[in-house]
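> Let me see the structure of the following:
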Amino acid sequence: MSPTSDFFDVVVIGGGPGGYAAGLYGASAGLSVAVIEKDKVGGTCLHRGCVPAKEFLETAAVYRSVNGAAEFGISTSEPKIDFSVSQNRKQKVVDQLWKGLSGLMKSRKIETIEGTGKYLGNGRVQISDGRIIEGESIILASGSVPRSIPGFEVDGKIVMTSDEVLSLTSLPSSVVVIGGGAIGCEFASMMSDLEAQVTVLEALPQILPGVDKDVVDVVAKSFRRRGIAVHTGVAVSGHTPNPGGGTTVHFGDNQSVSVDAVIVSVGRRPNSDGLLGEETFVEVDQRGFVKVDPYMRTSEQGVYAIGDLVATAQLAHIGFAEAIVAIKHILSEPVVPVDYSKVPWCIYCHPEVAFAGFTEEAARAAGYDVIVKKDPFGGNSRARIVGETDGVVKVIAEKMPDGSAGKILGVHMAGPWVTEQLGQGYLAVNWEATPDEVSQFIQPHPTLSEAFGETVLALTGRGLHVG
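Numbers count the residues shown, from 1 in each chain. Model prediction:
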């Protein structure tokens, strides 16, 4: 679509979660906005990341439910997987969301321009077809791309990144996942539930680095029980294609495993190549991240950067939050920068993981004396009813001089649907609430979410079911 104007209040380069959020929020405030997107608005999250990955994880959940139906007295034939049907359903979900988003942007009179944007400096942006438009303010939101590792060149058939996995119409029968972080564990969980033999190789001492150890232990135990082989503290050294198909992956101390496919899941890098012209004053660090201050301002006046392009948590909802910070600053409105130490994290493997705030280890390292309470889901009525008892709720509070529990520092969960339960824990951490305050809330029974209330009540020294 050709632009109807060459000058805008805000020009956004990139139409992913951060970029389109900036456009929508700015347009709602009356700003004229152009969003430049080379593919489709929604970016990696909608088309090649969060949304399609969670659709496939839901396929795995349905398969688990059918397999376990006999426990509820329901007889079924042995389930079979036609992954092409799931792929078609995924695409239908993605397309519906994309069309809705496109229509919303159009209704807010956002100018969506197809192409790649390059910031030239002095408020000018060159589009890949050669046109130049200008903005009073510029927001860089070009996102990220999957990282690769030497010796594992992506061919889309044997060696894949998340992009290729999410386009599969059939599943490999065995797979190595290189990287045991959030994305790697999600893929490992999904593939295993759909009957692939899975091996996870993680260079660090534990899977899910940065997650509280008690939560990691729940996931690791579940993985072991389901036959997922996890090797931590190992490096990969390459792979050797097998004559009959597949490949043999070499790792650790002369160890190897033969599989049909390899998923490289070692994080993402900022998509900053070719983003900036020679006349800009925008600074980029040695890793390719654009440098910003707490208000998302770059080193050039009037230019902001948000989302995966900056060295903050690579989460879609962080892009949303940073977009709002940038637009509010452009509007000269009061704005509170994102507190990255308290943002919500959700990981959709089985069992799910969700948390906000300090881990126990990080709280102690920061100098806090802490009180910790944990409530396993095994004693939760709703968890027993739905047959999902693997899990724990862990709440960390500051220990006051009199021994009582002060402000809540961290809430960490593993278990059924905990990604949908984090809200009250996230609010408690960010409002620096105390257990005495939060324990006043009446938790509905029987619910999974009452496990959080039980744990907080225990921190007051007078727990019901939690000691």
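> Can you give me the buried ones in stretch 430-449?
Buried residues in stretch 430-449, defined by neighbour count with 16 or more other Cβ atoms under 10 Å: 430, 433, 434, 435, 438, 439, 443, 448, 449. For the C-beta atoms, the positions are set from N, CA and C on the backbone; glycine is no exception.
> ignore the last one, stretch 364-375
Applying 16+ other Cβ under 10 Å to stretch 364-375 flags 368, 370, 371, 372, 373, 374, 375 as buried.
> Export it to PDB, keeping only CA atoms.
Provided in PDB are the C-alpha atoms of stretch 364-375 (Å, rounded to 0.1, in the frame of the first residue of the first chain):
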ATOM      1  CA  ARG A 364      19.500 -14.100  49.000                       C
ATOM      2  CA  ALA A 365      22.200 -12.900  46.600                       C
ATOM      3  CA  ALA A 366      20.700  -9.400  46.700                       C
ATOM      4  CA  GLY A 367      21.100  -9.300  50.500                       C
ATOM      5  CA  TYR A 368      17.600 -10.200  51.600                       C
ATOM      6  CA  ASP A 369      16.900 -12.400  54.600                       C
ATOM      7  CA  VAL A 370      13.900 -14.400  53.400                       C
ATOM      8  CA  ILE A 371      11.000 -16.600  54.500                       C
ATOM      9  CA  VAL A 372       9.900 -19.200  51.900                       C
ATOM     10  CA  LYS A 373       6.700 -21.300  51.800                       C
ATOM     11  CA  LYS A 374       5.800 -24.000  49.200                       C
ATOM     12  CA  ASP A 375       2.600 -25.700  48.500                       C
END
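> Helices of the protein, start to end?
Per DSSP state H, the chain carries helices over the ranges 17-28, 43-48, 50-67, 83-107, 162-165, 182-193, 213-225, 316-330, 360-365, 381-386, 422-430, 435-438, 450-459.
> gap between the residue nearest the centre of the chain and residue 344?
Residue closest to the average C-alpha location in the chain (Cα atoms, centre = their mean): residue 315, at 4.6 Å. Residue 315 sits 8 Å away from residue 344, going by Cβ to Cβ, to the nearest Å.
> again with residue 298
Applying Cβ to Cβ, the value for residue 298 to residue 344 is 26 Å.
> Between the two, tell me which one has more neighbours.
When residue 298 and residue 344 are compared for neighbours, residue 298 comes out ahead with 25 against 21, by other Cβ atoms under 10 Å.
> Now that that one has come up, it's in contact with residue 289, right?
No - applying Cβ atoms under 8 Å, one finds residue 298 not in contact with residue 289, separated by 11.0 Å.
> and for these two, which residues touch both?
Common neighbours of residue 298 and residue 289 (criterion: Cβ atoms under 8 Å, 6 or more residues apart in numbering): none identified.
> before we move on, the earlier item: between the helices of the chain, which one is nearest to residue 130?
helix 17-28 (21.6 Å; Cβ to Cβ).
> C-alpha coordinates for that closest one, PDB please?
Output of helix 17-28 as PDB, limited to C-alpha atoms (Å, rounded to 0.1, in the frame of the first residue of the first chain):
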ATOM      1  CA  PRO A  17       4.100  -7.000  19.100                       C
ATOM      2  CA  GLY A  18       6.200  -4.000  20.100                       C
ATOM      3  CA  GLY A  19       5.700  -2.200  16.800                       C
ATOM      4  CA  TYR A  20       2.000  -2.700  16.300                       C
ATOM      5  CA  ALA A  21       1.400  -2.000  20.000                       C
ATOM      6  CA  ALA A  22       3.200   1.400  19.600                       C
ATOM      7  CA  GLY A  23       1.000   2.000  16.500                       C
ATOM      8  CA  LEU A  24      -2.200   1.200  18.200                       C
ATOM      9  CA  TYR A  25      -1.400   3.100  21.400                       C
ATOM     10  CA  GLY A  26      -0.100   6.100  19.600                       C
ATOM     11  CA  ALA A  27      -3.100   6.200  17.200                       C
ATOM     12  CA  SER A  28      -5.500   6.000  20.200                       C
END
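> elements contacting it?
If contacts are counted by 3 or more Cβ pairs under 8 Å, 6 or more residues apart in numbering; DSSP states H and E, helix 17-28 sits against strand 7-13, strand 33-37, helix 43-48, helix 83-107, helix 316-330.
> Flag whichever of the ones you listed has the least confidence on average.
Here the lowest mean pLDDT among those goes to helix 43-48, at a mean of 93.
> Quick one: distance of it to the chain centre.
Remark: helix 43-48 is offset 12 Å from the chain centroid, using Cα atoms, centre = their mean, to the nearest Å.
> same question, stretch 318-330
18 Å.
> from memory residue 186 sits against residue 349, does it?
Yes - counting by Cβ under 8 Å, residue 186 does reach residue 349; the two are 5.0 Å apart.
> if I look at the two, which residues touch both of them?
Common neighbours of residue 186 and residue 349, using Cβ under 8 Å, 6+ apart, are residue 57.
> Next, the contact list for residue 137, please.
Contacts of residue 137 (Cβ under 8 Å, 6+ apart): 9, 10, 11, 302, 303, 304, 330.
> farthest pair in the residues you listed?
Largest separation among the contacts of residue 137 by Cβ to Cβ: 9 and 303, giving 13.9 Å.
> any idea how the chain splits into domains?
Using automatic domain parsing, the domain ranges for the chain come out as 7-146+269-340, 159-266, 351-459.
> would you turn those domains into TSV with distance to residue 465?
Formatted as TSV, those follow (distance: least, Cβ to Cβ, whole Å):
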stretch	distance to residue 465
domain 7-146+269-340	25
domain 159-266	18
domain 351-459	6
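> Could you pull out the strands in the stretch 201-350 of the chain for me?
Taking DSSP state E, counting those that start in this stretch as the criterion, the stretch 201-350 of the chain contains strands spanning 229-232, 236-241, 247-251, 255-259, 261-264, 268-270, 303-305, 345-347.
> Quick one: mean pLDDT over the fifth one.
This means strand 261-264. Mean per-residue pLDDT for strand 261-264: 97.
> Count residues in the vicinity of the closest residue to residue 430 other than its chain neighbours, would you?
With sequence-adjacent residues excluded and distances taken as Cβ to Cβ, 6 or more residues apart in numbering, residue 430 is closest to residue 342, at 5.1 Å. Residue 342: 16 surrounding residues under other Cβ under 10 Å.
> so residue 342 makes contact with residue 357?
Yes - in this structure residue 342 lies within contact range of residue 357 using Cβ under 8 Å: 5.4 Å.
> Mind listing the shared neighbours of those two?
residue 429.
> Residue 413 contacts residue 391, correct?
Yes - Residue 413 is in contact with residue 391 according to Cβ under 8 Å; the separation is 7.1 Å.
> quick one: which of the two has more around it?
Neighbours per residue (other Cβ under 10 Å) separate residue 413 from residue 391, with residue 413 holding more: 33 against 26.
> Which members of the buried residues of stretch 364-375 are positioned in strands?
Judged by DSSP state E, these include 370, 371, 372, 373, 374, 375 as members of strands.
> Pick the one among the residues you listed closest to residue 243.
Checking these against residue 243 with Cβ to Cβ, the nearest one is residue 374 at 50.9 Å.
> Low-confidence stretches in the protein?
Low-confidence segments of the chain (pLDDT under 70): 1-5, 466-467.
> Cheers, nothing more for now.
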